[in-house]
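# Give me the fold of what follows.
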Amino acid sequence: MPRPFPEEKKREWQERVRIQQESGQSMSHWCREQQVNYDSFLYWKKRFSADPFPLNRASFQELTADQGTGISIEYRGIRLHIDKCFDPSTLRNCLLALREIKC
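Next comes the predicted model:
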């Protein structure tokens, strides 16, 4: 459970999160530009949101049986197409590389 912080500090970070979201810039770019520690920003952003990256039915596209060429996965602007005859090790390496990216 998150520890309590003074209300003033919470309001300050809420304002930073709001400004970053309205800027249209990525979190990392905005933090560099504003000289804000990225990890601190991410901590506070997650703290203000029960689920910072909510998934719901609208996040997925239903696949039908006639789409036999593989699958495409899109999440937060990144699209990954997996061909029907994919190489599992290539997919694993791709997913590991994507995990390392901080948006």
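
# Partner strands of the worst-scoring helix or strand of the chain on mean pLDDT and their direction?
One helix or strand of the chain scores below all others by mean pLDDT, DSSP states H and E: strand 70-75, with a mean of 75. Using DSSP bridges, the strands paired with strand 70-75 in its sheet are strand 78-83 (antiparallel).

# got the CA positions of the partner strand in PDB?
This file holds the C-alpha atoms of strand 78-83, laid out as PDB (Å, rounded to 0.1, in the frame of the first residue of the first chain):
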ATOM      1  CA  ILE A  78       2.900  -0.300 -31.600                       C
ATOM      2  CA  ARG A  79       1.700  -2.900 -34.100                       C
ATOM      3  CA  LEU A  80       3.300  -6.400 -34.100                       C
ATOM      4  CA  HIS A  81       2.300  -8.700 -37.000                       C
ATOM      5  CA  ILE A  82       3.000 -12.400 -36.400                       C
ATOM      6  CA  ASP A  83       3.000 -14.500 -39.500                       C
END
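
# Please name the residues that touch the residue lying closest to Ser72 once chain neighbours are set aside.
Closest residue in space to Ser72, ignoring its immediate chain neighbours: His81 at 4.6 Å, by C-beta to C-beta, 6 or more residues apart in numbering. C-beta coordinates here come from the backbone N, C-alpha and C atoms, glycine included. Contacts for His81 (C-beta atoms under 8 Å, 6 or more residues apart in numbering) come out as 70-73.

# of those residues, closest to Trp13?
For those, the closest approach to Trp13 (C-beta to C-beta) belongs to Ile73, at 32.2 Å.

# and the lengthiest helix in the chain, how far from the chain's centre?
For the chain, the helix that runs over the most residues, judged by DSSP state H, is helix 7-23. Distance, stretch centre to chain centre, for helix 7-23: 18 Å (C-alpha atoms, centre = their mean, to the nearest Å).

# which helices and strands does the helix or strand following that helix pack with?
Downstream of helix 7-23, the next assigned helix or strand under DSSP states H and E is helix 27-34. In this structure, helix 27-34 makes packing contacts with helix 7-23, helix 38-48, judged by 3 or more C-beta pairs under 8 Å, 6 or more residues apart in numbering; DSSP states H and E.
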